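> A predicted structure for the sequence below; I have some questions about it.
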Amino acid sequence: MDPRLTPFLDLQRGLVLRRQAESVGVMPADLARLVRTGEIERVRRGVFARPIVDDGPARPTLELVRRVRAALMTHPQVIATHQSAAALHGLPLFDVDLSVVDLAGAISSTTRRGDLRIRPMPPGGPYPQRFVPPALACVQLAASSHVAAVVAMDAALNRRLVTRADLDAAAGLLPRARRTRAAAAVGATDPGAESVGETRTRLALRTLARPVRSQVELRDARGFVGRIDLMVEHVVVEFDGAVKYEGAEGRRALVAEKRREDRIRALGHPVVRVTWGDLADPAHWLARVHRLLRR
């Protein structure tokens with residue numbers, strides 16, 4: 001990396017403008033060479049960045065955050081909204097088009113310029129941080145996806161970034177046509193949800209039209225058994241995310257988990273485990289929960 005770029009990259013969250021590079025003697029030919037060698041990446045016209053090293057599931061959102069910040073640097077009169085603002089707040093994004101950078105400015109109707117979608121400025125400003133607050137970003141997502149909005153709202157509530165009153169107030173700022181969808185998403189939230197997987201599992205369980213409780217503590221004669229992700233009447237539903245049972249540590253964790261499940265079943269609660277793959281096609285495991293509820 002050219003050390004002349006380091007101060008800009010450090011101060012601007014890994015981004016540098018071409019004109020800033022030129023101001024310290026790093027010319028376009030130098031930037032092109034750094035791109036070829038992989039030391040920097042071109043994010044958008046006139047903006048370059050350090051490469052993203054995370055190759056996990058968070059990478060698409062990290063790329064969106066970088067593109068949003070780059071757009072804000074090159075468009076000083078706009079703010080970030082919708083999924084762009086939610087990403088900047090660190091909220092999880094699911095069922096959202098990550099190829100689009102949503103912005104808002106002083107215009108009367110929505111326009112599209114490449115990957116930029118620029119909307120009219122939302123009410124409630126000014127926004128000195130140059131992105132809408134988390135409550136407004138969450139309710140804005142409801143216009144395109146109920147699940148996306150609830151996923152973001154659950155996380156914001158769980159992390160105490162917002163309150164239910166904040167979400168209700170933000171929904172009231174939306175145009176009347178979108179207010180109903182936002183209110184429905186707010187009504188489906190649960191601050192107890194601790195992951196995207198738990199939120200999606202709960203929303204799927206609601207199709208059974210039975211009460212769903214989250215983070216339920218179970219105890220037996222020996223004491224505390226565990227805190228259960230979700231319960232539908234007497235049926236325990238656990239979301240099993242990226243849990244690995246490899247090596248000695250993994251084997252011990254597996255044994256502990258099996259003993260915990262034995263104690264849960266001894267209390268009369270059948271256990272249904274849900275994985276990421278199950279969420280893609282919930283019909284099979286929902287049918288199993290339904291059969292257990294009828295017993």
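Looks like it came in fine.
> Just the CA trace of stretch 207-220, in CSV.
The C-alpha trace of stretch 207-220 is given here as CSV (Å, rounded to 0.1, in the frame of the first residue of the first chain):
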residue,chain,number,x,y,z
THR,A,207,-48.6,-19.5,10.2
LEU,A,208,-49.8,-22.2,12.6
ALA,A,209,-52.1,-19.7,14.3
ARG,A,210,-50.9,-20.7,17.8
PRO,A,211,-49.3,-18.5,20.5
VAL,A,212,-45.5,-18.4,20.2
ARG,A,213,-43.3,-17.5,23.1
SER,A,214,-39.6,-16.7,22.9
GLN,A,215,-36.7,-17.1,25.3
VAL,A,216,-38.6,-19.3,27.8
GLU,A,217,-36.7,-20.5,30.8
LEU,A,218,-37.3,-24.1,31.8
ARG,A,219,-36.6,-25.7,35.2
ASP,A,220,-36.9,-29.2,36.6
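> In it, which residues are buried?
For stretch 207-220, burial by neighbour count (16 or more other CB atoms under 10 Å) applies to 208, 212, 214, 218. Where you see a C-beta, it was placed from the backbone N, CA and C, and this is true even at glycine.
> starting at the chain centroid, how far to stretch 59-78?
With CA atoms, centre = their mean, to the nearest Å as the basis, stretch 59-78 stands 16 Å off its chain's centre.
> Just the buried residues of it, please?
Under the neighbour-count criterion of 16+ other CB under 10 Å, stretch 59-78 has 61, 63-73, 75, 78 buried.
> Over to stretch 33-51?
Neighbour counts using 16+ other CB under 10 Å place 34, 40-41, 43-44, 47-50 of stretch 33-51 among the buried residues.
> for the buried residues of stretch 59-78, which one is nearest residue 289?
Nearest to residue 289 among those, counting by CB to CB, is residue 61 at 30.6 Å.
> So that closest one versus residue 141, what's the distance?
Using CB to CB, to the nearest Å, we find residue 61 at a distance of 14 Å from residue 141.
> who touches the nearest residue to residue 47 once chain neighbours are set aside in this structure?
Spatial nearest neighbour of residue 47, chain neighbours left out: residue 70 (4.1 Å); criterion: CB to CB, 6 or more residues apart in numbering. Neighbouring residues of residue 70 by CB atoms under 8 Å, 6 or more residues apart in numbering: 15, 43-44, 47, 49.
> Nearest to residue 110 among those residues?
residue 44 (19.7 Å).
> ok, what's across the strand from that closest one?
Beta-bridge pairing for residue 44 (DSSP bridges): residue 47.
> Compute the distance between it and residue 101, please.
Residue 44 is 9 Å from residue 101, by CB to CB.
> what number of residues lie near residue 271?
15 (other CB atoms under 10 Å).
> Can you give me the separation between the closest residue in space to it that isn't next to it in sequence and residue 267?
The shortest distance from residue 271 to any non-neighbouring residue, by CB to CB, 6+ apart, is to residue 236 (4.7 Å). Distance, residue 236 to residue 267, by CB to CB: 9 Å.
> if I look at residue 285, how far off is residue 241?
15 Å.
> In terms of neighbours, single out the busier of those two.
residue 285 (19 against 13).
> can I assume the more buried one is in contact with residue 278?
Yes. Proximity of residue 285 to residue 278 meets the contact threshold set by CB atoms under 8 Å, at 5.1 Å.
> What confidence value was assigned to residue 129?
We have a pLDDT of 89 for residue 129.
> now do residue 176
pLDDT for residue 176: 87.
> What is the end-to-end distance of stretch 90-105?
22 Å (CA to CA, to the nearest Å).
> In that stretch, which residues are buried?
For stretch 90-105, burial by neighbour count (16+ other CB under 10 Å) applies to 91-94, 96, 100-104.
> Stretch 272-291 too?
By neighbour count with 16+ other CB under 10 Å, stretch 272-291 contains the buried residues 272, 274, 278-279, 282, 285-286, 289.
> do the same with stretch 183-195
Buried residues in stretch 183-195, counting neighbours by 16+ other CB under 10 Å, are found at 183, 185-186, 188-195.
> which ones among those residues are found in helices?
183, 185-186 (DSSP state H).
> mind listing the helices for the stretch 1-150 of the chain?
6-11, 18-23, 28-36, 59-74, 82-88, 134-141, 146-158 (DSSP state H, counting those that start in this stretch).
> Nearest to residue 117 among those helices would be which one?
helix 82-88 (8.4 Å).
> Name the surrounding residues that touch stretch 160-176.
With contact meaning CB under 8 Å, 6+ apart, stretch 160-176 is reached by 89, 91, 122-124, 133-136, 138-140, 142-143, 153, 156-157, 179, 182-183, 186, 189.
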